[in-house]
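1. from the sequence below, what's the structure:
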Amino acid sequence: MKNSLKLVLVISLISLITFNSCQSDNASQDSNKITATSTLKTLLARVSQKRTSSDNVIDSTSCFTIKLPVTVMVNNQEVVVTTPADYDAVSSVFSDDDNDDDHLEFVFPITIVFTDFTELVVTSNEQLHSLMEDCHDSDVDNDDDDSNDDDDNAINCISLTFPFVISTTNNGTPEDVTINNDQDLYLLLETVEGSVAVTINYPISIVDANGQTIVVENNNQLENNIVEATSDCGNHDSNDENDNDDDGNHDDGNDGRLIAIKK
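-> As a prediction, the model looks like this:
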């Protein structure tokens, strides 16, 4: 009888511990959910959106970026831009003669990429100018400066370390999705609408503007680190060497020159 009573007590104790553990796990998962109205969803979208200001030396706009490779005629000199490192070659041509009227022509067709990673093939100067004017006329930040519209929301001074896993639910079935790059994350966040929610499988790592790796364990830590990063270095890319302003960042693209895309 005593042995039976002890067995019942042991089983009850184990059940209680297991129940409390499950309750704790569920509470942790709920607190780490990212929903359509979560501040973290907006911040992560700004971190992962397509960078559109780093190539301003060739397109003079942050409304979109030019997909590489692309061939350009810079002051009548052909330059093939294959990687971002080749932007320096364009800058060098512009620097050869400070007194000339710099101009740049694209060899069409070209493909432009917007901040949401959508792509559009452009076949003429007229089409390109029309797209630029449409974007500039909207002046999304109302600052009378069109050079950084659409990229103004980007948080470029912090980066996520890939890959990591996000748990989501598809038609009621849980699914783990491996996130390999910014585009994967941005497009997944675009699906978080209505009652849809996703959960990051922590821990993950982030890299701040100083190159320091930080391990984060939950949504609160991740959100706080992103907010802190925006305070430290603003919204723009901290290593874009085509900057000409005095804000300590590098985001303005064309070294102060008027770059005409010749028609």
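
2. in this structure residue 44 contacts residue 185, no?
-> Yes: with contact defined as CB atoms under 8 Å, residue 44 reaches residue 185; the gap is 6.5 Å. In short, each C-beta sits where N, CA and C put it, glycine included.

3. let me know the helix or strand that the nearest residue to residue 177 once chain neighbours are set aside is in.
-> Leaving out its chain neighbours, the residue that sits closest to residue 177 by CB to CB, 6 or more residues apart in numbering is residue 166, at 5.2 Å. Assigned by DSSP states H and E, residue 166 belongs to strand 164-170.

4. that strand: what's the following helix or strand?
-> Per DSSP H and E, the helix or strand that comes after strand 164-170 is strand 173-179.

5. which helices and strands does that next one pack with?
-> Under the contact definition 3 or more CB pairs under 8 Å, 6 or more residues apart in numbering; DSSP states H and E, strand 173-179 sits against strand 164-170, helix 182-190.

6. note down every partner strand of the shortest one and its orientation.
-> Spelled out, it's strand 164-170. Sheet pairing for strand 164-170, assigned by DSSP bridges, gives strand 173-179 (antiparallel), strand 198-200 (antiparallel).

7. and the next helix or strand after the last one, what's buried?
-> Tracing the chain C-terminally past strand 198-200 and defining elements by DSSP H and E, one meets strand 204-207 next. For strand 204-207, the neighbour count (16 or more other CB atoms under 10 Å) marks 204, 206 as buried.

8. pairing partners for strand 204-207, with directions?
-> Under the rule (DSSP bridges), strand 204-207 has strand 159-160 (antiparallel), strand 213-216 (antiparallel) as partners.

9. what sits closest to residue 223 if chain neighbours are left out?
-> Leaving aside its sequence neighbours, residue 223 sits nearest to residue 40 (CB to CB, 6+ apart; 4.8 Å).

10. would you confirm that the one you found contacts residue 225?
-> No: applying CB under 8 Å, one finds residue 40 not in contact with residue 225, separated by 10.8 Å.

11. so for the two, which residues contact both of them?
-> Residues touching both residue 40 and residue 225 by CB atoms under 8 Å, 6 or more residues apart in numbering: none at all.

12. who has more neighbours out of these two?
-> Just comparing residue 40 and residue 225: by other CB atoms under 10 Å the higher neighbour count belongs to residue 40, 19 against 15.

13. any idea whether the more buried one is helix, strand or coil?
-> Following DSSP: H, G, I helix; E, B strand; the rest coil, we place residue 40 in the helix state.

14. same question for the one 4 residues further on.
-> Classification of residue 44 by three-state DSSP places it in helix.

15. for it, give me its contacts.
-> Taking CB under 8 Å, 6+ apart, one finds 34, 185, 189, 226 in contact with residue 44.
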